[in-house]
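*Asks:* got a predicted model here, sequence first, then my questions.
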Amino acid sequence: MMQILEVLNSSKSVVFTGHSLGGALASLSALWLLSITQNISPSINVLCITYGSPMLGNESFSQAILQERWGGNFCHIVAQHDIVPRLLFAPASPFVAHLRALFEFWQLSMSTPVFKQLASQLSYENNAELLDKVLACVEERSRSGCDGGGRRSFWPFGSYMFCTENGAICLDNRMAIVKLLYLMLAKGSAESCVYDHLMYEDYVGKVCWQFLHRKSSAELPYFPESSSEVGIALALQSSGIASQEPAYGTARNCLAMARKVGCKRNLNSAKMAVSLSKISPLRAQIEWYKAFCDSSDDQLGYYDWFKRRTASKRGSKVNMNRIRLGQFWDELINMLETNQLTHDFHKLPKYVNASHFYKLLVEPLEIAEYYRTGMHKKKGHYIEHGREKRFRIFDKWWRDRKVGNEESNPRSRFASLTQDSCFWARVEEARDNIYHITGEMDSGMHSFLLDKIEKFDRYAREMIERKEVSVDVLAKNSSYNLFKEEWKELKSKQEIVMEPENTFLSGFHDGKLVS
């Protein structure tokens, strides 16, 4: 692991690979790296490629990876008849001794190819019995679907590339993956299910060659009118399942279903673009409201005007827009986490920029409402106890974006929106610390609160110097200016408290009274 951490300091991408049990270790290592680097900016690109790897987890495990948007980081390459990727669908206890012999054979064959000739010494009957049991369990799992296997049953995650002599098929639909795991193994034998685990170099080489010399669709036994049908026909040809075989219809329906789900994701993504355009007027109305507040004679600014608002039509309208915008983004995130949108949806510049602008514009209103209604007294301060999940997700999207050189240029004027969307929550917390420090008797807690206030004061002044705040922060009657006045008063009191002690000690030097 220390080697991986060293690589992170000098690389922007990390690729994990592994064969057989090594593939499982590669997947676990990639998951570990993804989990520890998700808060790093810029993020590290992680890719994991496995060859003949057994499965790792159940449906809950697979769903968690899906919700984190990590599925696209994994590509599992599976040979047509390789039994290892299907192995864990069946109970291992009846075959422990035979499995040990199989893995020893595979290990020796990979280190010394001459050992492949010893395959005849493996029990054909045991191989056949193992194949029949695994095949029956995979078939049962493929029929039961997502809801029939329970939490204990293994389930795929990421993308699967099935390799045959005729080509390769790549799928990310989990139900379709399990069905193909069964259909392609059903054509295997007691010998091929063992030998295929050693053939990945040959399979990948053939797939690469075929990719460079793409087959013409004229080679198909028929030429359907639909481009979708052509794609499915080509995939079936690559699978090695002939059109006259009984499994052909099942395989065709399986691929058609997977394609339909993929098309639905694309359709949902297109619909979301329309929905995004429909909420633009809501956002524009809040922008007008901010401009009105910032130019008001009250000199309260955007945040404090909304926080202290009365029962006016303008304030009610903006509050309703705030709620509706939150509902839109919550629905988008829910669709993303349930795999209803395309895999890279959260990386599209349109949504990264729109979500960031929404966060900078609307989160100050969320903070204002939180403190206006006294929620900080019931739940605690906003950043730790009140911040909505969507804002944390948008933070990550913004960190993971591709940063242009222009973003590092210094500002010549104040920002239209404060670049820290939680700035006002930090102001509120700092003011609350000032209130509590005056009556704090514990010296340790007193020093702790004082240090927090000083850190925020320094942070705020640096933001203002870099012009990363909006003009509402500098408004005469804003909460930030109230903080400055309260902080100044507190510091003067601290100096008064220390003055008698300093005056008393000033008459002494090196322990002696100085006249």
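*Replies:* Okay, I see it.
*Asks:* now the residue nearest the centre of the chain: closest residue in space that isn't a chain neighbour?
*Replies:* In the chain, the C-alpha closest to the average C-alpha coordinate belongs to residue 68, at a distance of 3.5 Å (C-alpha atoms, centre = their mean). The spatial neighbour of residue 68 that comes closest, neighbours along the chain excluded (C-beta to C-beta, 6 or more residues apart in numbering), is residue 34 at 7.4 Å. Any C-beta I mention is one placed from the backbone N, CA and C, and that applies to glycine too.
*Asks:* then residue 50?
*Replies:* Setting aside the residues directly before and after it, residue 50 is nearest to residue 23 in space (C-beta to C-beta, 6+ apart), at 3.1 Å.
*Asks:* now for that neighbour: which residues touch it?
*Replies:* The neighbours of residue 23, taking C-beta atoms under 8 Å, 6 or more residues apart in numbering as the test, are 17, 50, 51, 52, 53, 54, 76.
*Asks:* ok so the first one is a strand residue?
*Replies:* In other words, residue 17. Yes: secondary structure assignment (DSSP: H, G, I helix; E, B strand; the rest coil) places residue 17 inside a strand.
*Asks:* can you pull out the helices in the stretch 101-250 of the chain?
*Replies:* With helices called from DSSP state H, counting those that start in this stretch, the stretch 101-250 of the chain shows them at 124-144, 174-185, 192-195, 200-212, 227-239, 247-278.
*Asks:* which one of those lies nearest to residue 467?
*Replies:* Using C-beta to C-beta as the criterion, the shortest distance between residue 467 and the helices of the stretch 101-250 of the chain is 29.4 Å, found for helix 247-278.
*Asks:* pLDDT averaged over that closest one - what is it?
*Replies:* Confidence over helix 247-278, taken as the mean pLDDT, stands at 85.
*Asks:* rewinding a little: so the residue nearest to residue 50 versus residue 199, what's the distance?
*Replies:* 15 Å (C-beta to C-beta, to the nearest Å).
*Asks:* among the helices of the stretch 101-250 of the chain, which is nearest residue 419?
*Replies:* Among the helices of the stretch 101-250 of the chain, helix 247-278 sits nearest to residue 419 (C-beta to C-beta), with 22.4 Å.
*Asks:* if we can go back for a sec, where does the residue nearest to residue 50 sit: helix, strand or coil?
*Replies:* When states are read from three-state DSSP, the local structure at residue 23 comes out as helix.
*Asks:* before we move on, what about residue 14?
*Replies:* Judged by three-state DSSP, the three-state class of residue 14 is strand.
*Asks:* which strands and helices sit next to the helix or strand harbouring residue 452?
*Replies:* Assigned by DSSP states H and E, residue 452 belongs to helix 443-465. For helix 443-465, the contact count by 3 or more C-beta pairs under 8 Å, 6 or more residues apart in numbering; DSSP states H and E identifies helix 423-437, helix 479-505 as packing neighbours.
*Asks:* confidence-wise, which of these is weakest overall?
*Replies:* Least confidently modelled of the helices and strands packed on helix 443-465 is helix 479-505, at a mean of 73 by mean pLDDT.
*Asks:* pLDDT weak spots in this structure?
*Replies:* Within the chain, the set of residues satisfying pLDDT under 70 comprises 1, 4-5, 39-43, 113-124, 145-152, 213-230, 404-408, 440, 495-515.
*Asks:* how is it carved up into domains?
*Replies:* If the domains of the chain are taken from automatic domain parsing, they occupy 2-214, 215-273, 279-403+412-503, with pieces of a single domain joined by a plus sign.
*Asks:* surely residue 155 and residue 181 touch.
*Replies:* No: in this structure residue 155 lies outside contact range of residue 181 using C-beta atoms under 8 Å: 11.1 Å.
*Asks:* these two: which has the busier surroundings?
*Replies:* Ranked by neighbour count (other C-beta atoms under 10 Å), residue 155 and residue 181 place residue 181 first, with 25 against 22.
*Asks:* is that one in contact with residue 85, as I believe?
*Replies:* Yes: counting by C-beta under 8 Å, residue 85 is a contact partner of residue 181 at 6.7 Å.
*Asks:* which residues are in contact with both of those two?
*Replies:* Residues touching both residue 181 and residue 85 (C-beta under 8 Å, 6+ apart) are residue 78.
*Asks:* residues in contact with the closest residue in space to residue 397 that isn't next to it in sequence?
*Replies:* The shortest distance from residue 397 to any non-neighbouring residue, by C-beta to C-beta, 6+ apart, is to residue 352 (5.1 Å). Counting by C-beta under 8 Å, 6+ apart, residue 352 touches 346, 397, 398, 401.
*Asks:* quick check: angle from the helix or strand where residue 33 lies to strand 13-19?
*Replies:* Secondary-structure element containing residue 33, defined by DSSP H and E: helix 21-37. Here the directions of helix 21-37 and strand 13-19 differ by 160 degrees (axes from the mean of the first three to the mean of the last three C-alpha atoms, to 10 degrees).
*Asks:* I'd like the next helix or strand past helix 21-37.
*Replies:* Scanning forward in sequence from helix 21-37, with DSSP H and E defining helices and strands, the next element found is strand 45-51.
*Asks:* got the CA coordinates for that next one in CSV?
*Replies:* Extracted in CSV, the C-alpha atoms of strand 45-51 (Å, rounded to 0.1, in the frame of the first residue of the first chain):
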residue,chain,number,x,y,z
ASN,A,45,-8.1,8.3,-12.2
VAL,A,46,-8.4,4.7,-11.1
LEU,A,47,-9.0,1.7,-13.5
CYS,A,48,-9.1,-1.9,-12.6
ILE,A,49,-8.9,-4.7,-15.2
THR,A,50,-9.4,-8.3,-14.0
TYR,A,51,-9.0,-11.6,-15.9
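*Asks:* strand partners (parallel or antiparallel) of that strand?
*Replies:* strand 13-19 (parallel), strand 74-79 (parallel) (DSSP bridges).
*Asks:* excluding its backbone neighbours, what's nearest residue 206?
*Replies:* When the adjacent residues along the chain are set aside, residue 206 lies closest to residue 165, with 7.1 Å between them (C-beta to C-beta, 6+ apart).
*Asks:* burial check on that neighbour, number of neighbours?
*Replies:* Under the neighbour criterion other C-beta under 10 Å, residue 165 is assigned a count of 11.
*Asks:* and it, its phi and psi?
*Replies:* phi -70, psi -20 (degrees, to the nearest 10).
*Asks:* how far away is it from residue 34?
*Replies:* When distance is defined by C-beta to C-beta, residue 165 is 34 Å away from residue 34.
*Asks:* check residue 47 too.
*Replies:* The spacing between residue 47 and residue 34, counted by C-beta to C-beta, is 10 Å.
*Asks:* what about these two, which has more around it?
*Replies:* Neighbours per residue (other C-beta under 10 Å) separate residue 47 from residue 34, with residue 34 holding more: 20 against 14.
*Asks:* quick check, the more buried one in contact with residue 74.
*Replies:* No: Residue 34 is not in contact with residue 74 according to C-beta under 8 Å; the separation is 9.8 Å.
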